[in-house]
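1. how would this look folded up:
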Amino acid sequence: MAEGRDKEELKVAEFHKRIKDAFEVFDHELNNTVDVREIGTIVRSLGCCPSEGELHDLLAEVEEEEPTGYIRYEKFLPVMTKVLLEGRYRPIPDDVLLQAFETLDSAKRGFLTKEELIKYMTEEGEPFSQEEMEEMLSAAIDPESNLIHYKDYVATMVIDES
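-> Purely as a prediction, here's the structure:
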């Protein structure tokens, strides 16, 4: 029984260190707070991929009663630890991502044009913001052909769990 608890404690300690390291990158004032707009980036840097709605719910858990525009480390740590322990907001497996791109690529060319990707990402489902779109395009587009060779892109998106 104790061995299982020790493993759990080790896991928690490792998560605490990862959360602290990620948080400190954005704690520019070194006062254990970060701008509320940085939380999505911090959460994603920890290998979680929440939707905008899920991120909104997470923010509601860590914000002060009276929102200040800043999130305190003391409030973020226990909530984020729980998220990691429960394995919430797991990234989508690469085969599922690839299948999604292949569905969009009805001509089976192996790529999407920048215009096609923008159309799909801003008009379908939960639309991407301008900032998210630019971030994605900068990572996905082949600068020479101006195309998204999605097999290569999917490989860069998948987080290595080891």
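2. ok, which stretches of this protein are strands?
-> Remark: strands assigned in the chain by DSSP state E are 33-35, 70-72, 112-113, 147-148.
3. Could you dump those into a markdown table with mean neighbour count, mean pLDDT and distance to F26 added?
-> Every residue, glycine included, has its C-beta placed from N, CA and C. Formatted as a markdown table, the strands of the chain follow (neighbours: other Cβ atoms under 10 Å; pLDDT from 0 to 100; distance: least, Cβ to Cβ, whole Å):
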| stretch | mean neighbour count | mean pLDDT | distance to F26 |
| --- | --- | --- | --- |
| strand 33-35 | 19 | 96 | 4 |
| strand 70-72 | 19 | 96 | 10 |
| strand 112-113 | 18 | 92 | 32 |
| strand 147-148 | 20 | 90 | 29 |
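4. May I see those organised as JSON lines, with distance to I19 added?
-> JSON lines is the format used below for these (distance: least, Cβ to Cβ, whole Å):
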{"stretch": "strand 33-35", "distance to I19": "12"}
{"stretch": "strand 70-72", "distance to I19": "12"}
{"stretch": "strand 112-113", "distance to I19": "35"}
{"stretch": "strand 147-148", "distance to I19": "32"}
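5. closest to L55 out of those strands?
-> In terms of Cβ to Cβ, the element of the strands of the chain nearest to L55 is strand 70-72, at 12.1 Å.
6. pLDDT at the most centrally placed residue in the chain, what is it?
-> Of all residues in the chain, the one closest to the mean position by Cα atoms, centre = their mean is R44, 2.8 Å from it. Reported pLDDT at R44 in the predicted model: 89.
7. thought H149 was touching D142?
-> Yes: when contacts are counted by Cβ atoms under 8 Å, H149 is listed as touching D142 (5.8 Å).
8. Kindly state the domain boundaries assigned to this protein.
-> As assigned by automatic domain parsing, the chain contains the domains 2-86, 94-157.
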